[in-house]
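>>> after the sequence you'll find the predicted model.
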There are 2 protein chains.
Amino acid sequence: MFESAELGHKTEKAEYEAAVPPLRAQLLDAQFDLLDLKQFAVVVLINGVDGAGKGETVNLLNEWMDPRHIETWAFDAPSSEEAERPFMWRFWRALPPKGKIGVLFGNWYSEPIHARVNKISKRAELDQQVDAINRFEAMLVHEGVLLIKLWFHLSKEGQKARLKALEKNPNTRWRVTERDWRYAKLYDRYRETAEHLLRHTSTGDAPWLIVDGSDERFRSLLVGRTLLDALRKRIDAVQKGWTPRQTAAPLPPVVDNRNLLNSLVLKQDMGKKEYGELLEKYQGRLALLRRSDAFRKHSLILVFEGADAAGKGGAIRRITAALDARVFRIVPIAAPTEEERAQPYLWRFWRHLPGQGKVTIFDRSWYGRVLVERVEGYCSEADWMRAYAEINDFEDQLIDAGAVVVKFWLAISADEQLARFKEREAEPHKRFKITAEDWRNREKADQYAQAVCDMVDRTSTENAPWTLVEADNKYYARIKILRTLCERLEEALG
Amino acid sequence: MFESAELGHKTEKAEYEAAVPPLRAQLLDAQFDLLDLKQFAVVVLINGVDGAGKGETVNLLNEWMDPRHIETWAFDAPSSEEAERPFMWRFWRALPPKGKIGVLFGNWYSEPIHARVNKISKRAELDQQVDAINRFEAMLVHEGVLLIKLWFHLSKEGQKARLKALEKNPNTRWRVTERDWRYAKLYDRYRETAEHLLRHTSTGDAPWLIVDGSDERFRSLLVGRTLLDALRKRIDAVQKGWTPRQTAAPLPPVVDNRNLLNSLVLKQDMGKKEYGELLEKYQGRLALLRRSDAFRKHSLILVFEGADAAGKGGAIRRITAALDARVFRIVPIAAPTEEERAQPYLWRFWRHLPGQGKVTIFDRSWYGRVLVERVEGYCSEADWMRAYAEINDFEDQLIDAGAVVVKFWLAISADEQLARFKEREAEPHKRFKITAEDWRNREKADQYAQAVCDMVDRTSTENAPWTLVEADNKYYARIKILRTLCERLEEALG
């Protein structure tokens, strides 16, 4: 894997000096085309052995291009806010918006390598991390991010010589730390781990480029030209109407008329008196659970989906009534903002993840991708087809970080919905105004039903199952939701 | 001050039960009008003695209104990200966007009271904090924020009785902490401090409302009606075209033709050779300063302002060439995003403040308020007139938190600007395309000059002075900038 990078590539000074001016001009041009187009973001990963010129190369790119539109991130120890959330949260925070270049040092590869080299993790864990990385990067690529992965390499002798040379020079001595020498001693182990990692994360969509770091001029030209080629190729393609390559596996055909939704008995019995008693009971249980010591190391993420007028808002209010306003946040999901549209679709949900001891309630959620966006054609079939796996991945990460994820689909019959629409139209409070869109959505009820069934089939997991709520009777629905929530919390908090 | 709140107000159950349903409906209506209008944000401050029903009241407001559009914040110990930035940063993060209600517990009043009650701060310090709070709140009010300040009060005996009652009830026992009892012992001191603070922060624009917390029904109705009245009054006013009350003090008249800008000798001498030597010298000095141990407890904030084509970008690149890309971020200031427009104008700058050991370079900045926004009429005269003091305040906070703030105005002559425009137009790289706006701005050169002179007069402070840079000769300008930066850093790092 590193053979070619150990050949001792070299660029002569004259050649370098002739090559740089046109390369800079072309890079700047490409950067400004990127900015003008605002159609995709560029993420450059910088990894590899110490002393191989990672920092120098990035500084050079900042000199060659317009540094105002390059965002360079280095990740040291996580902040307290980052430590309370899933591992990938800090990287989501650092993703550049469309039109910009993000350069990420010490990215999602650092921790897996570090843990393995220092024998903190086992090979099997590394392989799990590799899988997670591949899924994450595939998502980025599918979302249109131009992902460039650079691995800076030096041979064992090369690294030793380079660190010594840096130490000798009073101007560069500061750059060699004890940690660098400690890592240099682990070179063989590091190399072996890296080779394994690189081989398994070098995918067709996002291959690694191994950069021979031994000659400054060579590596600078190599990186500059790699970036230029990738930028230019993508810009040309976008200008010709390119979109991320998409393939969609077909959904299973519908053979009979029986599905998850039409198997539900939507009208359930519950009177006002019984409701009042059960409401008090479960709200009390929920309040105690939230205040329990065990919850301090967890967070709670609730997802509410359902047809219009299914009673999401009312159910949410019965939950928040049992919570302290200081610990919960409700995130109503409507059209994304301008800043959200410049990012992969899951970004707007990542930004709202709760810290420990907190509750976030999503009133509609990332499932919009496989519901409204699918039915209304706001994204391509391939986009929503891949979303099932991406969403499962997302929720796995939440759960791994200690979140309890509880998801509700509120199902009502067409008749009950109609009655509620009419009731709302008659009400003076304009907040219950029914829009033309709500009426239109009713006409697509079959398509929505199919989307819901597919969603549940594909995203109801052991850790984050869907609860289908028969919601024609509001009392019944609210109690089922509160009871389910209490049970899920009790189970999770042990 | 607390006399009225100790009268023993009470609301009978029947009266309460009759009053609540219409109040809820009206609050909901007002909340949705607020959301529809999206013209202003509401900030509700919740302060006062423990046991007086702060939490209960906020929870009730969340029940009465739509909790999806209320953002409740409680501020405990700052996160590591917050601790590295000015005290107010965490509150800027929590400001609700236009259309929403933000409820802030433990806000900017908590720390000053805590410090004074526990004798950590002196009275003089408290008074400084009072001044800072008044300036901050005046800014919010001028930016159109509806600010409602609620102080929950209990008499000494009332508090003791209340805490005992809460402790007795197994359902509420958890709510009484040791800290509450510790504070109860300090009641007299707390009351005295609060009285002083309330008297001096109860301004015409943002008065305190003292809420007698002893009777739950009374305080609930009082808070609900206060909020409703304030909301309704503001909504009605906005619908009639209201904007924040504005008064502008006149600027001093211009008597002679001599000003800061036309007193500069814009064409300074410096040849390429001298430039090359000095560039290397100052870049080296800058690199060392940034790497020094002393800098780890500081941050560096650079502001670049100047006419079009004055050479800001080139100067910035000469600075970043001396820095590691991992520590700096350049923030180019263009039109605000949708999320930024929903906030006070300084919000977009607060969000980019660097942590310790980091550098943020603003390519154009908050001074746009008193430059382009003034000249082009994007804000009212009163808006930009008050901005001088608000900006000084902002920079004081940055400096208090350890930031070194260095501000450059790059001045070029009309002839030199014209030459650069023509040169840029002739260049093939479209990034240097001159827009029609740039030509228009030239015609307003006198107005811009006046705005610059006023800006320097009013915002060049001892801690954050402006450096006017004679920029007809790019070499000279870049060296002056680098030298100034090194000197300011040396001075600050001691």
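All right, it came through fine. Model, not experiment: these values are computed from the prediction.
>>> what residues does the stretch 301-450 of chain A have near chain B?
Within the stretch 301-450 of chain A, the positions near chain B by C-beta under 8 Å from any C-beta of the partner chain are A:313, A:316-317, A:320-321, A:323-332, A:337-339, A:363, A:429-431. Any C-beta I mention is one placed from the backbone N, CA and C, and that applies to glycine too.
>>> for the spatially most central residue of chain A, give me its contacts.
Residue closest to the mean C-alpha point of chain A, counted by C-alpha atoms, centre = their mean, is residue A:346 at 5.4 Å. Counting by C-beta atoms under 8 Å, 6 or more residues apart in numbering or on different chains, residue A:346 makes contact with A:92, A:139, A:366, A:390, A:391, A:394.
>>> returning to that earlier point: list buried residues within the residues of the stretch 301-450 of chain A next to chain B.
A:313, A:316-317, A:320-321, A:323-332, A:363 (16 or more other C-beta atoms under 10 Å in any protein chain shown).
>>> for the stretch 351-494 of chain A, just list every one of the helices.
Taking DSSP state H, counting those that start in this stretch as the criterion, the stretch 351-494 of chain A carries its helices at A:372-375, A:381-400, A:414-426, A:436-443, A:445-459, A:474-493.
>>> coming back round to it: export the contacts of residue A:346 to JSON lines and tack on pLDDT and distance to residue B:127?
Shown next, in JSON lines, are the contacts of residue A:346 (pLDDT from 0 to 100; distance: C-beta to C-beta, whole Å):
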{"residue": "A:92", "pLDDT": "96", "distance to residue B:127": "44"}
{"residue": "A:139", "pLDDT": "93", "distance to residue B:127": "54"}
{"residue": "A:366", "pLDDT": "97", "distance to residue B:127": "50"}
{"residue": "A:390", "pLDDT": "93", "distance to residue B:127": "55"}
{"residue": "A:391", "pLDDT": "95", "distance to residue B:127": "54"}
{"residue": "A:394", "pLDDT": "95", "distance to residue B:127": "50"}
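>>> out of these, who's nearest chain B?
residue A:92 (15.5 Å; C-beta to the nearest C-beta).
>>> any idea how many residues pack against the residue nearest to that closest one when sequence neighbours are not counted?
The shortest distance from residue A:92 to any residue other than its chain neighbours is 4.2 Å, reached at residue A:350 (C-beta to C-beta, 6 or more residues apart in numbering or on different chains). Residues within reach of residue A:350, counting by other C-beta atoms under 10 Å in any protein chain shown, total 21.
>>> likewise the one 10 residues further on?
As a burial measure, residue A:360 scores 20 neighbours (other C-beta under 10 Å).
>>> cool, residue A:462 as well?
Counted with other C-beta under 10 Å, the neighbours of residue A:462 add up to 6.
>>> list the buried ones in the least confident helix or strand in chain A by mean pLDDT?
Across the helices and strands of chain A, the lowest-confidence element by mean pLDDT, DSSP states H and E is helix A:436-443, at a mean of 78. Across helix A:436-443, burial judged by 16+ other C-beta under 10 Å covers A:438, A:441, A:442.
>>> before we move on, what SS does the nearest residue to the second one once chain neighbours are set aside have?
Counting by C-beta to C-beta, 6+ apart, residue A:308 is the residue found nearest to residue A:441 once chain neighbours are left out, at 6.1 Å. Three-state secondary structure (criterion: DSSP: H, G, I helix; E, B strand; the rest coil) places residue A:308 in coil.
>>> burial count for residue A:308?
Neighbours of residue A:308 using other C-beta under 10 Å come to 17.
>>> I figured it hits residue A:417, correct?
Yes - using C-beta atoms under 8 Å, residue A:308 is in contact with residue A:417, at 7.0 Å.
>>> on that earlier part again, mean pLDDT lowest for which of the helices of the stretch 351-494 of chain A?
Per-segment mean pLDDT for the helices of the stretch 351-494 of chain A reaches its minimum on helix A:436-443, at a mean of 78.
>>> so how far is that helix off the chain centroid?
31 Å (C-alpha atoms, centre = their mean, to the nearest Å).
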